[in-house]
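**Q** Task: produce atomic coordinates for the following.
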Amino acid sequence: MKNKSTSRKNQKVKCVLFIIVLLALLLNTSLIFSQNYASYNHSNNNKNLSIIPKEFKLYDIIVNIDNSRSLKFDIPNQTSAIITITDENGNIVKNYLFENIYSGSYEIKFGTDNLSPGNYKITLVAGDNTQSILFSSI
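**A** Below is the predicted model of the structure:
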């Protein structure tokens with residue numbers, strides 16, 4: 001029973017994410033970031049094919065000296081991607097949307113000043129791939 005409800009919830013999340021990506025494509029938006037977006041780094045200039053990631057991966061959160069957080073992820077193929085941060089109740093707190101992201105390694109730095117203390121889930125959806133991690137804000 002729990003697997004069916006989890007599966008339905010995952011299907012709903014994927015549907016909502018698909019709609020968001022579709023709306024962004026229709027609005028011809030290249031990047032949409034929520035408030036508190038600090039920086040975005042792409043470490044692959046596509047000139048050296050040996051540094052193109054071979055697999056889709058979402059890494060654990062890194063806590064920076066200034067108490068902000070960094071999220072690293074690898075994208076092996078050019079695609080659209082969305083990163084969603086949700087709270088314990090499943091409410092969307094922040095979205096990062098990449099309309100056309102190239103293969104490579106990425107890092108997003110975001111502040112946690114507006115996050116209430118609690119547990120959060122970060123979900124990365126890129127193409128047919130989905131991966132989630134959990135983190136806590138104090």
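
**Q** Show me the beta-bridge partners of the closest residue to I62 other than its chain neighbours.
**A** Excluding the flanking residues, the one nearest I62 by CB to CB, 6 or more residues apart in numbering is S70, at 4.3 Å. No exception for glycine: its C-beta is placed from N, CA and C like everyone else's. Applying DSSP bridges to S70 gives these bridge partners: I62, K109.

**Q** Without its sequence neighbours, what residue ends up closest to K72?
**A** Spatial nearest neighbour of K72, excluding adjacent residues (CB to CB, 6+ apart): Y59 at 4.2 Å.

**Q** Pass me the low-pLDDT residue ranges in this protein, would you?
**A** Applying pLDDT under 70 to the chain picks out residues 1-7, 9-10, 13, 15-18, 20-50.

**Q** hey, where'd the helices end up in it?
**A** For the chain, helices defined by DSSP state H occupy the ranges 2-26.

**Q** so what's the nearest residue to I61 once chain neighbours are set aside up against?
**A** Among residues not flanking I61 along the chain, F135 sits closest, at 4.4 Å (CB to CB, 6+ apart). By CB atoms under 8 Å, 6 or more residues apart in numbering, F135 lies in contact with D60, I61, R69, N119, Y120, I122.
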